[in-house]
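>>> what follows is a predicted structure for the sequence shown.
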Amino acid sequence: MTDTASAIVGENAVAAVRQPIEKAWGLPAAAYTSEEFFRLEQRKYLRKMWMAATFEAEIPEPGDALPLIVAGLPIILVRNSNGEIKAFHNVCRHRGMMVLGEPCQGLKQFTCPYHAWGYGLDGELIRAPFFDGTPTGIEKGDLDTDAYGLVPVRCTVWHHWVFVDFGGDAPPIEEHLAPLLEFMNDADIGAMRYAGKVEWEFQANWKMVGDNWENYHHVYVHGGVFAKMSDDIDMETSELWSKPQHKGSVLTLRRRIEIAPSYTYKETGLPLIPFPEGKERVTAPNFIFPNVEIDLVRDNISSIIYEPVAPDRTTAKMGFFFLGGAATSQEHAEGRKTAMDRWLGPERSKDANDGVRNQDFRIWEAIQIAKGSPAADANIFSPLWEGNPHYFHNHILDYLEA
Ligand code: FES
Ligand SMILES: [Fe+2]
């Protein structure tokens, strides 16, 4: 029986994660390297949650469609003729071919490449050429077209993000994301506009993302962005300026700008993100379980959607959002570049060490190699800094042990 985490990694390892943080160990190395553990996560965790699938702006017009793999499952996202986004399993009902192989624009219907069955943008089966010898394949009435449409996946759009829920009974998305809005002080996400994306693959387990939701590493890993420890901790009292917090499915490193000293910040000339009257301006990098980060800086939101591909492989799609016209105007091109350089590095290379993200990826890939060692099981957390990863590990176990 390998239907629980403890059946794979042992009851002692699970019990160690369940300890109060002062005594706890993190998930053991096998949780990062074992194919069996990865499959369990897909089945009992990733497919039971709202998974971020893509940015809404990637399929802007009716007939635009995107094939994706989410939680290991092939899906189609499409904007139908009413402008609504729909999700379907990308599996032909005839013999199981993937119906859509690449992103398309202006589609009127999907045509399966194998025997040319045609499906409408709402998934309905329209034709099955010569299935019964007739041109449309359905004229003799042998084929029950109602029963063989594309299989829908529960799907919702929340601001700029498209989420899917394979299990179909995750709580409403508003509930899932309520702590996010709270951590962001209701910043006006809707006023932001999509400016584009970059994509990478890194050779590490997807859980490195949540494991990294702490400030402790900032000054050591992100030199030049987080310049000195006193940006993160009050050297007099040992209190953190931005307390790591977690609630529901969200981890944050929220910083109240008015009281906290600022890390190195390059002026961009970009308009600031609007906040409601009376709400304090904050910055807040947030990780929303299981696979999306939404990072609020002063003048932009960046967001990475992660897809766990294998125990040691993850893809990342990072989108950038700026206020209104600043997302696309020539006037703000230089400001956008400055803002993006902070994350991506001026070289825009995953292998450079010049931006927050490629700096993190290097660390994650190195940790992944170390996870192969017999010395990698007994990891401990700093109770001051690392409550978030401890909470994350427990959250995963809540699902895997159920
Ligand atoms: S498998 Fe799609 S038409 Fe045959
Ligand atoms: Fe980092």
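All right, it came through fine. Ligands and ions are numbered 1, 2, ... in the order given.
>>> touching, Glu347 and Met340? I think so.
No: between Glu347 and Met340 there is no contact, the gap being 11.9 Å when judged by CB atoms under 8 Å. Any C-beta I mention is one placed from the backbone N, CA and C, and that applies to glycine too.
>>> who has more neighbours out of these two?
Higher neighbour count among Glu347 and Met340: Met340, with 22 against 13, using other CB atoms under 10 Å.
>>> any stretches of the stretch 151-300 of the chain with poor pLDDT?
262-264 (pLDDT under 70).
>>> residue of it closest to ligand 1, please.
Val151 (13.3 Å; CB to the nearest ligand atom).
>>> and the contacts of the one helix or strand Leu397 maps to?
Secondary structure assignment for Leu397, by DSSP states H and E: helix 387-400. Here helix 387-400 makes contact (CB atoms under 8 Å, 6 or more residues apart in numbering) with 4-5, 14, 17-18, 21, 24, 26-27, 40-41, 44-45, 48, 207, 210-214, 244-246, 249, 251, 253, 287, 289, 381.
>>> gap between that helix and the chain center?
Relative to the chain's own centre, helix 387-400 is displaced by 17 Å; criterion: CA atoms, centre = their mean, to the nearest Å.
>>> end to end on stretch 90-104, go ahead and measure it.
Start-to-end span of stretch 90-104 (CA to CA, to the nearest Å) is 14 Å.
>>> quick one: average pLDDT of that stretch?
Looking at stretch 90-104 alone, the average pLDDT works out to 98.
>>> hmm, who's touching it?
Applying CB under 8 Å, 6+ apart, the contact partners of stretch 90-104 are 58, 63-67, 74-76, 110-115, 117, 119, 125, 128, 148-151.
>>> any of the residues you listed buried? List them.
Neighbour counting with 16 or more other CB atoms under 10 Å marks 58, 63-67, 75-76, 110-112, 117, 119, 125, 128, 148-150 as buried within the contacts of stretch 90-104.
>>> mind listing which of those residues are in strands?
Residues of the buried ones among the contacts of stretch 90-104 located in strands (DSSP state E): 65-67, 75-76, 110-111, 119, 125.
>>> now, among the residues you listed, which is nearest to ligand 1?
Nearest to ligand 1, judged by CB to the nearest ligand atom, of these is Thr111 at 8.5 Å.
>>> what about the strands in the stretch 301-402 of the chain?
313-323 (DSSP state E, counting those that start in this stretch).
>>> straight-line length of stretch 194-213, end to end?
Start and end residues of stretch 194-213 are separated by 24 Å (CA to CA).
>>> what sits against the nearest residue to Leu125 once chain neighbours are set aside?
In this structure, Leu125 finds its nearest non-sequential neighbour in Thr145, 4.4 Å apart by CB to CB, 6 or more residues apart in numbering. By CB under 8 Å, 6+ apart, Thr145 lies in contact with 124-126, 128, 138.
>>> now the residues you listed as CSV including distance to Ile396 and pLDDT?
Output for the contacts of Thr145, formatted as CSV (distance: CB to CB, whole Å; pLDDT from 0 to 100):
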residue, distance to Ile396, pLDDT
Glu124, 38, 98
Leu125, 38, 98
Ile126, 42, 97
Ala128, 43, 98
Ile138, 46, 92
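>>> grab the nearest non-local neighbour of the most centrally placed residue in the chain.
The structure's the chain has its C-alpha centroid closest to Val292; by CA atoms, centre = their mean the separation is 2.2 Å. Distances taken as CB to CB, 6+ apart put Ala52 closest to Val292, at 3.6 Å, once the chain neighbours are dropped.
>>> doesn't that neighbour belong to a helix?
No: per DSSP: H, G, I helix; E, B strand; the rest coil, Ala52 lies outside any helix segment and is strand.
>>> check the ones in strands among the buried ones among the contacts of stretch 90-104 and tell me the two furthest apart.
Leu66 and Leu125 (20.9 Å; CB to CB).
>>> tell me how many other residues crowd Gly96.
Residues near Gly96, counting by other CB under 10 Å: 10.
>>> next: Pro374.
6.
>>> can you check Ala87 too?
26.
>>> which residues of the stretch 151-300 of the chain fall in helices?
Per DSSP state H, counting those that start in this stretch, the stretch 151-300 of the chain carries helices over the ranges 173-183, 208-211, 218-221.
>>> what separates Ser81 from Glu58, distance-wise?
As judged by CB to CB, to the nearest Å, Ser81 and Glu58 stand 18 Å apart.
>>> picking that back up, how close does the residue nearest to Leu125 get to ligand 1?
For Thr145, the distance to ligand 1 (CB to the nearest ligand atom, to the nearest Å) stands at 13 Å.
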